[in-house]
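In: Sharing a model prediction with you, sequence too.
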Amino acid sequence: MSSDLRILHLYLSPAHNYFGHHGGPAGEECVVEVPQVECIAGRGLRGDRFFDYRPDYKGQLTLFSWDVFLQLKEELGASAVTPAALRRNAIVTGADLGSLVGKRFTLQGVGLEGTEECRPCYWMDQAIAPGAEAWMKGRGGLRCRILSDGFLRSEAVVAVQ
């Protein structure tokens, strides 16, 4: 199954915009689209806000389905929203992400373990459109632990700054 999984976009978020901001305004840190990310087993993505967050963290890498993103935009009338608004690391196609919870798999040679759904939070209503949090329940993506070092590469053409 993981051989069918393709990465269409990759993102790093150097700082938190929502996590830890409960009761206050969202942060204004940019989400950066990158051509590749470095995965470090047990630690996360080098340069991401959750790198070395805590030992054995369940969300060292987050995946979101491209097809679900397109459906979300259409059903909520959010045509101008980009995948960066989801604040997931990889936008993918080719697999039912929910079926990977509790499973070990390989993506571009990097060993991963699907740990749980990446549940949406109330900030999604602000970042995407009103109703996004409720719409995304059960289809918020996949949180993963990184089991082996390596690099993941995006199919998107990304200008390196």
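Out: Arrived safely.

In: can you map out the helices along this structure?
Out: Secondary structure of the chain (DSSP state H): helices at 66-76, 124-127, 132-136.

In: in the chain, what spans have low per-residue confidence?
Out: Residue ranges of the chain with pLDDT under 70: 1-3, 15-29, 159-161.

In: Now with 80, please.
Out: Within the chain, the segments meeting pLDDT under 80 span 1-3, 15-30, 121-122, 157-161.

In: Now do the strands in it.
Out: Along the chain, counting by DSSP state E, strands occupy 6-12, 32-33, 36-40, 44-45, 61-65, 90-93, 104-107, 110-117, 142-146, 150-153.

In: got the buried residues for stretch 66-77?
Out: Residues of stretch 66-77 classed as buried: 66, 68-69, 72-73, 76 (neighbour count, 16 or more other CB atoms under 10 Å). Any C-beta I mention is one placed from the backbone N, CA and C, and that applies to glycine too.

In: Centroid-nearest residue for the protein?
Out: The chain has residue 88 as the residue nearest its centroid, 2.0 Å off, counting by CA atoms, centre = their mean.

In: show me what contacts that residue?
Out: Contacts for residue 88 (CB atoms under 8 Å, 6 or more residues apart in numbering) come out as 11, 62-64, 118, 141.

In: farthest-separated two in those?
Out: Across the contacts of residue 88, the two members that end up farthest from each other (CB to CB) are 11 and 118, 13.1 Å apart.

In: List the beta-bridge partners for residue 145.
Out: Beta-bridge partners for residue 145, by DSSP bridges, are residue 113.
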